[in-house]
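S.K.: what follows is a predicted structure for the sequence shown.
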Amino acid sequence: MSSLSELREMSNEQMDAVLKEACKDLFQLRIKAQTDRLDVPSELKRNRKLVAQIKTIQRQREMEAEQAKQAPANS
């Protein structure tokens, strides 16, 4: 779906929307995998990876924001 550089360029709101959609898709794929056969089994792995990448970028942004708050206080 999105490359890592495209994810990094997204705003926080866009990233939240993509994360929500990816989690929804992942849930549907898991249900389908339990009840039927998936047409493309690698989709599960791709969605899990996308969710992990988005969460990692969000956490990095949180940590950068915390450091930015602390830096002026220390100066």
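M.R.: Here it is on my side, so go on. Numbers count the residues shown, from 1 in each chain.
S.K.: C-alpha from now on. contacts and neighbour counts both.
M.R.: Fine.
S.K.: check contacts around the residue at minimal distance from the centre of the chain.
M.R.: Geometric centre of the chain, nearest residue: Ile54, 2.4 Å, by C-alpha atoms, centre = their mean. For Ile54, the contacting residues are Leu7, Met15, Leu19, by C-alpha atoms under 8 Å, 6 or more residues apart in numbering.
S.K.: list just the nearest of these to Lys32.
M.R.: When the contacts of Ile54 are compared for distance to Lys32 (C-alpha to C-alpha), Leu19 wins out at 19.7 Å.
S.K.: for the nearest residue to that closest one once chain neighbours are set aside, pull up the helix or strand it's in.
M.R.: Spatial nearest neighbour of Leu19, chain neighbours left out: Val51 (6.1 Å); criterion: C-alpha to C-alpha, 6 or more residues apart in numbering. Following DSSP states H and E, one finds Val51 within helix 42-74.
S.K.: buried residues in that helix?
M.R.: Neighbour counts over helix 42-74 (16 or more other C-alpha atoms under 10 Å) mark Leu44, Asn47, Leu50, Val51, Gln53, Ile54, Ile57, Gln58 as buried.
S.K.: would you format these as TSV with distance to Asp25 included?
M.R.: Shown next, in TSV, are these (distance: C-alpha to C-alpha, whole Å):
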residue	distance to Asp25
Leu44	9
Asn47	8
Leu50	11
Val51	10
Gln53	15
Ile54	15
Ile57	20
Gln58	20
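S.K.: what's the closest of these to Cys23?
M.R.: Among the buried residues of helix 42-74, Val51 lies closest to Cys23 (C-alpha to C-alpha), at 6.9 Å.
S.K.: quick check, the closest one in contact with Glu21.
M.R.: No: taking C-alpha atoms under 8 Å as the definition, Val51 is not a contact partner of Glu21, at 9.6 Å.
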